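Trainee: Prediction below, plus the sequence it came from.
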Amino acid sequence: MLTCFFLGCCFPLFALVQAAGRVIDEVVGGGVTDGARSLSHTISFWLTAILLSAMLAATAYGTRARAQLQSSRIGVYGPLCLMAVAALLVIADPLRRVLQDGGVWTGPSSSTFRDGCGEGWKCLSTTGILFMTVSRAVHNLTTE
């Protein structure tokens with residue numbers, strides 16, 4: 001029961017955090033300084049990490065109740081494993097942005113787009129394909 005209540009309140013909150021980020025991006029537009037962008041990425045990363053950790057903890061807490069009702073390990077630990085994989089996929093793109101802003105992940109492998117090509121789907125690098133498509137697919141699945 002705690003898991004249902006907790007997840008019922010956090011999924012709308014998670015969607016609200018994502019929507020707030022999009023609204024701020026639209027209002028500010030292209031005139032954002034690097035410092036403001038870095039701060040925005042850091043705040044977004046930590047809010048997402050806190051919410052996902054709380055949802056993961058609630059799912060882990062629910063394994064005790066499922067252990068009494070289910071006899072198979074898949075039935076008991078399956079939701080927890082799926083939640084852990086989903087959390088890693090959701091947090092991957094914000095983590096990439098924070099690492100790039102901090103100068104930890106530099107070089108050609110960190111670029112979302114190929115050099116000299118511009119922007120758009122045709123110009124995505126391998127890193128861009130991985131993070132843009134996988135992270136966006138997971139994002140769309142979790143917010144709709």
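Mentor: Perfect, I can see it now. Residues are numbered from 1 along each chain as shown.
Trainee: all contacts plus neighbour counts: C-alpha atoms, from now on.
Mentor: Noted.
Trainee: mind listing the helices for this protein?
Mentor: All helices of the chain, identified by DSSP state H, fall at 2-28, 34-69, 73-101, 126-129, 135-143.
Trainee: distance between stretch 107-116 and the chain's centre?
Mentor: On the basis of Cα atoms, centre = their mean, to the nearest Å, stretch 107-116 sits 21 Å off its chain's mean C-alpha point.
Trainee: Report the separation between the two terminal residues of that stretch.
Mentor: For stretch 107-116, the first-to-last residue distance is 15 Å (Cα to Cα, to the nearest Å).
Trainee: ditto for stretch 104-119
Mentor: Stretch 104-119 stretches 23 Å from its first residue to its last (Cα to Cα).
Trainee: Quick one: mean pLDDT for that stretch?
Mentor: Summarised as a single mean, pLDDT over stretch 104-119 is 79.
Trainee: which outside residues touch it?
Mentor: By Cα atoms under 8 Å, 6 or more residues apart in numbering, the surrounding residues in contact with stretch 104-119 are R96, L99, Q100, C123, L124, S125, T126, T127, G128, I129.
Trainee: So the residue lying closest to T59 once chain neighbours are set aside versus F113, what's the distance?
Mentor: Of all residues not flanking T59 in the chain, L80 sits nearest, at 5.8 Å (Cα to Cα, 6 or more residues apart in numbering). According to Cα to Cα, L80 stands 34 Å off from F113.
Trainee: Nothing else from me, thank you.
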